[in-house]
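[1] Here is my input; please provide its structure:
(2 chains)
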2 protein chains.
Amino acid sequence: MACAEDTGVSKVPSMSGATVESPVLDLAGDPVALLQTLIDIESVSGDEQRIADAVETALRCCGHLEVIRDGNVVVARTHLDRAERVVIAGHLDTVPIADNVPHRTRNEGEDLEIWGRGACDMKGGVAVQLVCAATLTQPRRDVTWIFYDNEEVAAELNGLGRIGRERPELLDGGFAVLCEPTNGEIEGGCQGTMRLVCELAGVAAHSARAWMGHNAIHDAGALLQLLADHEPAQVDVDGLTYREGLNAVAISGGIAGNVIPDRCRVEINYRFAPDKSAAEAAAYVRGVLPGFELEVTDVATGARPGLDQPAAAEFLTAVGAGASAKFGWTDVARFAEMGIPAVNFGPGNPSKAHADDEFCPAAEVYRCRDALLAWLR
Amino acid sequence: MACAEDTGVSKVPSMSGATVESPVLDLAGDPVALLQTLIDIESVSGDEQRIADAVETALRCCGHLEVIRDGNVVVARTHLDRAERVVIAGHLDTVPIADNVPHRTRNEGEDLEIWGRGACDMKGGVAVQLVCAATLTQPRRDVTWIFYDNEEVAAELNGLGRIGRERPELLDGGFAVLCEPTNGEIEGGCQGTMRLVCELAGVAAHSARAWMGHNAIHDAGALLQLLADHEPAQVDVDGLTYREGLNAVAISGGIAGNVIPDRCRVEINYRFAPDKSAAEAAAYVRGVLPGFELEVTDVATGARPGLDQPAAAEFLTAVGAGASAKFGWTDVARFAEMGIPAVNFGPGNPSKAHADDEFCPAAEVYRCRDALLAWLR
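    Predicted structure coming up:
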């Protein structure tokens, strides 16, 4: 695909064959200006073609990168025969717009903030990736830059997961950085997450003759009391402390206002440290809730922080800060599954992800860019 | 309205002015045959016009009765200047058909059963009422026979309640019998029923950082445990023992699989003995569940059995059986509200009410008819 002239818009053939307009991304300029352009390209999950086109077009102008397009995943990598290869990944999609596109700005200078859908999760990280990919023509380590789709929706659609299944060689590397928002700090690994369901069975009866039945909702009392009394574990893994959580996240029961309920369903979410396997996590929950039949409906194991890797140690030095444990589950676990240690590192406050008042401080964008450049230059 | 000739069908003007066909009811014959005819006149709540027309037409042929039609309520009463007046009431509507109309029969002779929608709840009782109303030309007490609509649906539509509000003089009397199914035994009064809601409030947070929130579903544990541990009271009222019930009948809570729930709603049903007022019932529940905010959303007080009334005592003698407490709430409470003691007495097993395999034993129809005749002849 030819590099776009500087008209502000390039015509690129879409996957469907039609020509769609795709804004030009200026990778040589200011990453904060780039972030603003990226926010203004709407890219709600499932609708990433325009932004993927723009990213692909811009990267193809960088002669030092091999660019591969696969669906709405764009991979760009150096081939410098370095001893090590690192993978730096970010997703292009956002949760739905909440009247927060196009972007707007707040404050100025060092306090400048970029507001809008995806500012925090995670077009700030994508802007840092793109500028570094264009700038690092001779990185110290070979780098694979990955931009993928469908991170905010069902796991089976996740573009990173799809490439891992279909073209795992594209993800090869000794260490990975996922540019999810971490306030520009290094958050190592991620916790696992497991969903379990307890279906309590009773016997229906008219509530005027309750003794003819058995109340399944009442049986949930002991289960919930055990959860309320449970003190979640704090687990050290590779020097980071993971704080677990075991919670009922949904409950439902009841047939009618005059019927003793014959069933009550409790859904439980266990967030567990990355030292546990799925089987160990399930055994732990069953130990906390003895006597209750629990069905595991969903599980994603965590990822160890991998901070004992040389690339990770150098990354810590470059960023100039200590690392902390990542509590939420992120796509770093997809790298962990492939045996690649990974950390989260990106601009933006993770608590603003998906929020209607989502924003990213400009200073964090610069800081993250500078850290990546220092690490890889 | 002219009495129908014995053609099997009479043409009567409907309330809308159109002429609809209404089967002829033979009140001089076999009450079990009459029950079968009544089942075959579909009369799901809201669709009672045909059956009300048939009842009205048949009763107007009885010269000893004053017949009043008000909507789909039919009232027929004697005016013999007796010292006492009793009210004998039954509803004409049924819950929806479940492929069980027209009727069918099972067994023969003493074991004959009539199957079909309304057989038990409560066209068996209506058949007994109609035959007795026609037969008792000179009853010992003045009798008001009431046939009403919309018992099986929202309370505000209930025909007996409507007449009580709009024309209370039609319900005047010293004692009432409601011919709801009781296996042909006397069930005195009824229990009250109260619905309460407890809305537990928490603080939402991502479940990976549960310590940032407060789990409202967990708080329900203590509430449910108190309900599970609670031993319902058994209360003697006018010589009958009422067995109370206090139950969670619905619970709901939860936002998403990865969010600490910030609310949980528990709906509680309290069935209480007829010695308690609504305020006493609410105070009782609050005493069982200290510290929980409970909102009373609905209450219907019960009805004392009134078995100390002379008419009731003679009724017990005529039926030849002891009385037991009625646990479910029934329309006898509407009489109690007007200061009229009332009992339930009718053919059919109440546990078959609303069941798809609803039926009524023929023997109970005869037994109930004979008891009413013996009491009033």
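
[2] Contact residues of the stretch 51-200 of chain A facing chain B?
    Within the stretch 51-200 of chain A, the positions near chain B by Cβ under 8 Å from any Cβ of the partner chain are A:Q191, A:T193, A:R195. (C-beta placed from N, C-alpha, C; glycine too.)

[3] Compare those and tell me which has the most neighbours.
    Neighbour tally across these (other Cβ atoms under 10 Å in any protein chain shown): the maximum, 28 neighbours, falls on A:Q191.

[4] and it, what does it touch?
    Residues near A:Q191 by Cβ atoms under 8 Å, 6 or more residues apart in numbering or on different chains: A:242, A:244, A:271-274, A:302, A:325-329, B:208.

[5] ok, these vs A:A176, which is closest?
    A:K326 (13.1 Å; Cβ to Cβ).

[6] dump the residue contacts of the closest residue to the closest one other than its chain neighbours.
    Spatial nearest neighbour of A:K326, excluding adjacent residues (Cβ to Cβ, 6 or more residues apart in numbering or on different chains): A:E187 at 3.8 Å. If you count contacts by Cβ under 8 Å, 6+ apart, A:E187 has them with A:A323, A:S324, A:A325, A:K326, A:V343, A:N344, A:F345.

[7] helices or strands up against the host helix or strand of A:E280?
    Using DSSP states H and E, A:E280 sits in helix A:278-288. Helices and strands touching helix A:278-288, by 3 or more Cβ pairs under 8 Å, 6 or more residues apart in numbering or on different chains; DSSP states H and E, are strand A:192-201, strand A:263-272, strand A:295-300.

[8] Off-centre distance for that helix?
    Distance, stretch centre to chain centre, for helix A:278-288: 25 Å (Cα atoms, centre = their mean, to the nearest Å).

[9] the inter-axis angle of it versus strand A:263-272?
    Note on geometry: by axes from the mean of the first three to the mean of the last three Cα atoms, to 10 degrees, helix A:278-288 and strand A:263-272 are set 120 degrees apart in direction.

[10] Please point out which parts of helix A:278-288 sit buried.
    Residues of helix A:278-288 classed as buried under the neighbour-count rule (16 or more other Cβ atoms under 10 Å in any protein chain shown) are A:A281, A:A282, A:Y284, A:V285, A:V288.

[11] of these, closest to B:E358?
    Closest approach to B:E358 among the buried residues of helix A:278-288 (Cβ to Cβ): A:V285, at 45.4 Å.

[12] residues touching whatever residue of the stretch 251-377 of chain A ends up closest to chain B, list them.
    In the stretch 251-377 of chain A, the residue that lies nearest chain B is A:G254 (2.9 Å; Cβ to the nearest Cβ). Contacts for A:G254 were tallied using Cβ under 8 Å, 6+ apart; they are A:I217, A:P261, A:C264, B:A248, B:V249, B:A250, B:I251, B:S252, B:E267.

[13] Now go through these and say which are in strands.
    Among the contacts of A:G254, the members found in strands (DSSP state E) are A:C264, B:A248, B:V249, B:A250, B:I251, B:S252, B:E267.

[14] Among those, which one sits closest to B:S22?
    Distances from B:S22 to the ones in strands among the contacts of A:G254, taken by Cβ to Cβ, are shortest for B:V249, at 40.5 Å.

[15] so how far is B:T144 from the closest one?
    The gap separating B:V249 from B:T144 is 36 Å, by Cβ to Cβ, to the nearest Å.

[16] ditto for A:A248
    A:A248 sits 55 Å away from B:T144, going by Cβ to Cβ.

[17] Any regions of the stretch 51-200 of chain A where pLDDT drops low?
    Applying pLDDT under 70 to the stretch 51-200 of chain A flags no residue at all.

[18] what's the closest non-adjacent residue to the residue in it that chain B sits nearest to?
    Of all residues in the stretch 51-200 of chain A, A:R195 sits closest to chain B, at 5.8 Å by Cβ to the nearest Cβ. Nearest residue to A:R195 in three dimensions, chain neighbours excluded: A:D298, at 4.1 Å (Cβ to Cβ, 6+ apart).

[19] Helices of the stretch 201-350 of chain A, residue ranges please.
    Ranges of helices within the stretch 201-350 of chain A are A:216-229, A:278-288, A:310-319, A:332-337, based on DSSP state H, counting those that start in this stretch.

[20] For the residue most central in space within chain A, which non-adjacent residue is spatially closest?
    Most central in chain A under Cα atoms, centre = their mean is A:T330, positioned 4.0 Å from the mean C-alpha point. Using Cβ to Cβ, 6+ apart and skipping residues adjacent in sequence, the residue nearest A:T330 is A:C190, 4.9 Å away.

[21] what's near enough to touch that neighbour?
    Here A:C190 is in contact with A:P274, A:G302, A:A303, A:K326, A:F327, A:G328, A:W329, A:T330, A:V332, A:A333, A:N344 (Cβ under 8 Å, 6+ apart).

[22] per-residue pLDDT, the last one?
    You'll see A:N344 listed with a pLDDT of 95.

[23] and what of the fifth one?
    You'll see A:F327 listed with a pLDDT of 84.

[24] nearest spatial neighbour of it, skipping sequence neighbours?
    Excluding its sequence neighbours, the residue lying closest to A:F327 (Cβ to Cβ, 6+ apart) is B:A208, at 4.3 Å.

[25] give me the number of residues near the one you found?
    Residues near B:A208, counting by other Cβ under 10 Å: 22.

[26] Equivalent analysis for A:G328, please.
    Count around A:G328 with other Cβ under 10 Å applied: 18.

[27] shouldn't it be in contact with A:H354?
    No - counting by Cβ atoms under 8 Å, A:G328 does not reach A:H354; the two are 11.6 Å apart.

[28] Report the inter-axis angle for the helix holding A:E280 versus strand A:192-201.
    50 degrees.

[29] follow-up on the earlier one: so A:A248 and B:T144 - more neighbours on which side?
    Between A:A248 and B:T144, counted using other Cβ under 10 Å, A:A248 has the larger neighbour count: 26 against 22.

[30] can you give me how far whichever strand or helix holds A:G125 is from the chain middle?
    Here A:G125 sits within helix A:124-135, counting by DSSP H and E. From the chain centre to the centre of helix A:124-135 is a distance of 17 Å (Cα atoms, centre = their mean).
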